[in-house]
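A.B. asks: Please work out how this folds:
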Amino acid sequence: MKKRILAVLAVVLLSALAVPVNAAGKKKADKELNEVVKMMTSYTTALKLGERMTRGRVKMPLDDVRMLSMAAFIRYNYKDDAGYTLEELGGETDNLFGKKANLVEGEKEDLFICASDEGMASEPYMYCGGDFGDCIPRYHILKVKKLKNNQYQIKVQNRLAIYGEKGSEKIGTTILKLEKTEQSRYGYIIKKIAFIS
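C.D. replies: Residues are numbered from 1 along each chain as shown. Modelled structure (predicted):
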């Protein structure tokens, strides 16, 4: 009898612990979601370090120039590719955002893509941002909230570490809205990005 009561109590306690997680609409970050979060927080960290980010909450417009800049940043930092055709960048933006970006002349100097210099890249466009040097962009997912139709809001703490040193410094917060889809090789497309410093 004692064993039966303990078994019933164990089941009740486990059930009670499981309910708040499901009721709150939380989702555990999967491998694909982590990959997108890692790339996007590295991007917002780069903007912060390059002083291209104002203080407070900044909503980033997902216009053609910004999407191409993110595509160039990701290809450089995560695919070791510094020169691009517009077709390559369009394919990258399609995977990241669910649409191909068009090149808008005269506006790209502001971010991480520019026309190639002779001898630097054989493709017409190249990455023209910096790299992290002895810094390592890090991130910590604070919250993943399910919205609707396979959409999620992810709140992420941007951190920065230095090679050879322990720990990391908090440098801001990135908020992403992602949509799960099989159409992207990343498993998710980015719907919105904001950064709070």
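
A.B. asks: Could you use CA atoms for every contact and neighbour count after this?
C.D. replies: Fine.

A.B. asks: Of all residues in the protein, which one is nearest the centre?
C.D. replies: Centroid-nearest residue in the chain, with CA atoms, centre = their mean: residue 40, separated by 2.3 Å.

A.B. asks: Quick check, pLDDT for that one.
C.D. replies: Residue 40 is assigned a pLDDT of 97 by the prediction.

A.B. asks: Then it would be within a strand, right?
C.D. replies: No - counting by DSSP: H, G, I helix; E, B strand; the rest coil, residue 40 is not found in a strand; it is helix.

A.B. asks: Look up how far residue 165 lies from it.
C.D. replies: Using CA to CA, to the nearest Å, we find residue 40 at a distance of 24 Å from residue 165.

A.B. asks: Quick one: distance of stretch 94-103 to the chain centre.
C.D. replies: Centroid separation for stretch 94-103 versus its chain: 15 Å, with CA atoms, centre = their mean, to the nearest Å.

A.B. asks: Revised request: answer the last question for stretch 34-44.
C.D. replies: The answer for stretch 34-44 is 3 Å, by CA atoms, centre = their mean.

A.B. asks: among the helices and strands of the protein, which has the poorest mean pLDDT?
C.D. replies: Taking mean pLDDT, DSSP states H and E as the measure, the helix or strand of the chain with the lowest value is helix 2-23, at a mean of 36.

A.B. asks: In three-state terms, label residue 186 for me.
C.D. replies: Classification of residue 186 using three-state DSSP returns coil.

A.B. asks: who touches the closest residue in space to it that isn't next to it in sequence in this structure?
C.D. replies: Using CA to CA, 6 or more residues apart in numbering and skipping residues adjacent in sequence, the residue nearest residue 186 is residue 32, 5.9 Å away. For residue 32, the contacting residues are 186-188, by CA atoms under 8 Å, 6 or more residues apart in numbering.

A.B. asks: Which residue ranges of this structure form helices?
C.D. replies: Remark: helices assigned in the chain by DSSP state H are 2-23, 31-49, 64-79, 86-97.

A.B. asks: mind listing what's buried in the last one?
C.D. replies: Buried positions in helix 86-97, judged by neighbour count with 16 or more other CA atoms under 10 Å: 86, 89-97.
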